[in-house]
Structures are given as structure tokens and as C-alpha cells.
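Asker: The sequence and its predicted three-dimensional model are supplied below.
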Amino acid sequence: MSPIQIIFLIIVTIPFIEIYLLLQVGGIVGIFPTILLVVTTAIVGAGLLRQQGMATWVRLQENLARGELPAYEMVEGPILLVGGALLLTPGFFTDAIGFACLIPSMRRKIAQVIIEKQLVGAAGNQRPPQSKEPDVIEGEFRKED
């Protein structure tokens with residue numbers, strides 16, 4: 001399945017999941033509590049996004065000041081943006097994914113997978129083939145006392 005087909009499938013499937021969950025929760029707790037839950041998750045999510053975004057920004061600046069490459073922070077930034085966008089989208093399924101993007105340990109795992117599989121793995125496949133002959137340096141050795 002091509003990436004475009006997967007994205008299309010996700011875009012088509014998520015609204016159905018959201019509608020189903022909103023109807024189920026609305027049937028259990030009522031209409032107004034459901035609306036209140038959706039609005040509350042958006043407000044809490046916006047606060048968490050601000051806090052986590054600032055913490056990531058501070059870590060990025062600290063790494064740059066030490067002369068280190070802020071690889072994780074550079075990948076965590078877009079993950080935070082996606083998480084924030086999902087939290088502002090009304091619905092419980094997107095809220096769950098959005099909150100997962102804002103939890104530091106989960107975000108770090110996602111960033112690690114992206115860095116290792118996509119960035120390092122892609123660069124690792126382009127290495128020149130290794131020669132089968134070992135590196136040998138010819139010379140003479142003499143021990144002097």
C-alpha cells in the first residue's frame with residue numbers, strides 16, 4: 001500500500017471513529033458533559049502544548065549552547081505541533097493521540113523511532129560496499145633494547 005493510500009485511509013477513517021466515540025460517550029454521560037469534555041481537553045491540551053513546547057525549546061537552546069546537535073529536539077518540535085493540532089480537533093480519538101504526543105516519554109520514543117528508522121537507516125543504506133580484503137600495512141619490525 002502506498003503512503004498516499006495510507007494517508008487517504010486515515011483521513012477517511014478517523015471521522016467515523018470520532019463520530020462513533022462521541023455518540024457512545026454522549027449516550028452514557030449526556031450531550032452537555034460530552035461537549036464540556038471536548039472543550040476541556042482542548043483547553044488542557046493547549047496548556048500542555050505551551051509547557052512542553054517551551055521545555056523542548058529550552059533543551060534545544062541548551063544543546064546548541066554546548067555545541068551538541070539537538071536531534072531529538074528538532075524531531076520533537078513537529079511531533080508537538082501534530083499533538084497540539086490533534087488536541088484542538090474535537091473528538092476523543094484525536095485527543096488520545098494528541099495527549100500521547102505531549103507526554104515526554106512517549107514523544108521521546110516516537111522521536112527515537114523516527115531518527116533511527118528514517119534518518120539513520122536511510123543514511124546507513126548508502127554506505128559504500130566493504131572490501132573483502134583486510135587492511136594490511138606491510139613493514140618491518142625490530143625491537144631495540
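Answerer: Received the coordinates, thanks. What you see is a predicted model; the values in this text were computed from it and never measured.
Asker: Going by C-alpha atoms from here, please, whenever you check contacts or count neighbours.
Answerer: Will do.
Asker: and stretch 39-48, what's its mean pLDDT?
Answerer: For stretch 39-48, mean pLDDT is 91.
Asker: Show me the shaky parts of the chain.
Answerer: 119-133 (pLDDT under 70).
Asker: Can you list the buried residues in the longest helix along the chain?
Answerer: In the chain, with assignment by DSSP state H, the single longest helix is helix 31-66. Across helix 31-66, burial judged by 16 or more other Cα atoms under 10 Å covers 34, 37-39, 41-42, 45-46, 48-49, 52-53, 56-57, 60.
Asker: residues near Leu22, how many?
Answerer: Look at Leu22: counted by other Cα atoms under 10 Å, it has 20 neighbours.
Asker: Spit out the contact partners of Asp95.
Answerer: Shown in contact with Asp95 (Cα atoms under 8 Å, 6 or more residues apart in numbering): Thr41, Leu86, Leu87, Leu88, Thr89.
Asker: 6 Å instead, please
Answerer: Counting by Cα atoms under 6 Å, 6 or more residues apart in numbering, Asp95 makes contact with Leu86, Leu87.
Asker: Next: Gly45.
Answerer: So Gly45 contacts Leu87 (Cα under 6 Å, 6+ apart).
Asker: Distance check, it against Glu18.
Answerer: Using Cα to Cα, to the nearest Å, Gly45 is found at 17 Å from Glu18.
Asker: and if you look at Leu81?
Answerer: 20 Å.
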